[in-house]
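Trainee: Coordinates for the following, if possible.
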Amino acid sequence: MSVVLVTGSEGQLGVALQATFKAGPLFAPLFCSKFMLDITDAGQIEACIKAHAVRYIINCAAYTNVQWAEQEAATCFKVNSLAAGYLAALAAKYGIVLFHISTDYVFGLTKGRPFNPNDPTDPLNQYGQSKLVGEQMVAARATHFYIIRTAWLYGEKGRNFFTKMVALAQKGDVIQMVDDQIGSPTYVYDLATAIWEVVEKIAKNNLTDYPSGIYHYTNEGVASWYDFAYAIAAALPNRCAVIPRSSAAVGLKRPYYSVLNKSSFRSVFQIKIPHWQDSLALCVKRWQPQ
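Mentor: Take a look at the predicted model:
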């Protein structure tokens, strides 16, 4: 049975990977939080790989606070770039398949169409730049790798856009939300389920059937942050007003349009991707009993 090391298991995606894992004969997960495994320490990573005979790595560990990254660039790059390079080099050394999670923030300039995986990148902030360098490290050093870019992750638990909107709605606050940044909301449990499906397909079949490279995964459909906030508020028992606003006053530069083209993911892995509105309805349903 192959061991799948999941780094950053305490984060939003790591928790979802734990919740969606289904035991079977092919592989066993090894969930490691940042308190258990420091991925900025190559020695710790190698010791873990050797101790557990790791065959796959899903790297969920990341510095994700976009605002703080502007002041903590060194720490951000250490986690998102340098550590990704360590994982990639060790994956190559030990014949490990590496899944590296990345972001729509590697893009900046508006294309007017969904971004393809091979489109030129142009990050607008330190977070996006650090994730881009991490991607470059993985592509340069790993032998078998899958960089999965995603966007606008949310779920009914933890700290994310959905839970923030719920908290504001419960207080009866008027929500002002930017309407000029466009992307695709992604239910974290959909992404986690898709990742496990990809790992299983690779474990069952020939690795060459699934080319290494960059793939995109978000939920289907397109929305602005205002659209997303309005849809959340409309689905909650405590209704509140959602008012559109411009992002000009926000300060930090973020992509105005970061819709990702998922056609290569669908065609290579043959996985159906839910629409964001359907997944939001499921998220609300799961949240309500809490």
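Trainee: ok, which stretches of this protein are helices?
Mentor: For the chain, applying DSSP state H gives helices covering 12-20, 42-52, 73-77, 83-94, 126-141, 161-170, 188-204, 225-235, 263-269, 276-287.
Trainee: TSV please, covering those helices and showing mean pLDDT, distance to residue 100 and mean neighbour count.
Mentor: Bear in mind the C-beta positions are built from the backbone N, C-alpha and C, glycine included. Shown next, in TSV, are the helices of the chain (pLDDT from 0 to 100; distance: least, C-beta to C-beta, whole Å; neighbours: other C-beta atoms under 10 Å):
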stretch	mean pLDDT	distance to residue 100	mean neighbour count
helix 12-20	98	12	20
helix 42-52	98	13	15
helix 73-77	97	15	17
helix 83-94	99	6	21
helix 126-141	98	5	22
helix 161-170	93	23	18
helix 188-204	97	11	20
helix 225-235	95	26	20
helix 263-269	98	14	16
helix 276-287	97	23	18
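Trainee: Among the ones you listed, which comes closest to residue 117?
Mentor: For residue 117, the closest of those is helix 263-269, at 6.1 Å, according to C-beta to C-beta.
Trainee: how much space is there between the closest residue to residue 207 other than its chain neighbours and residue 271?
Mentor: Excluding its sequence neighbours, the residue lying closest to residue 207 (C-beta to C-beta, 6 or more residues apart in numbering) is residue 144, at 6.2 Å. Counting by C-beta to C-beta, to the nearest Å, the separation of residue 144 from residue 271 is 19 Å.
Trainee: And for residue 54?
Mentor: In terms of C-beta to C-beta, residue 54 sits 24 Å off from residue 271.
Trainee: Comparing the two, which shows the higher neighbour count?
Mentor: Using other C-beta atoms under 10 Å, the more surrounded residue of residue 54 and residue 271 is residue 54, with 20 against 17.
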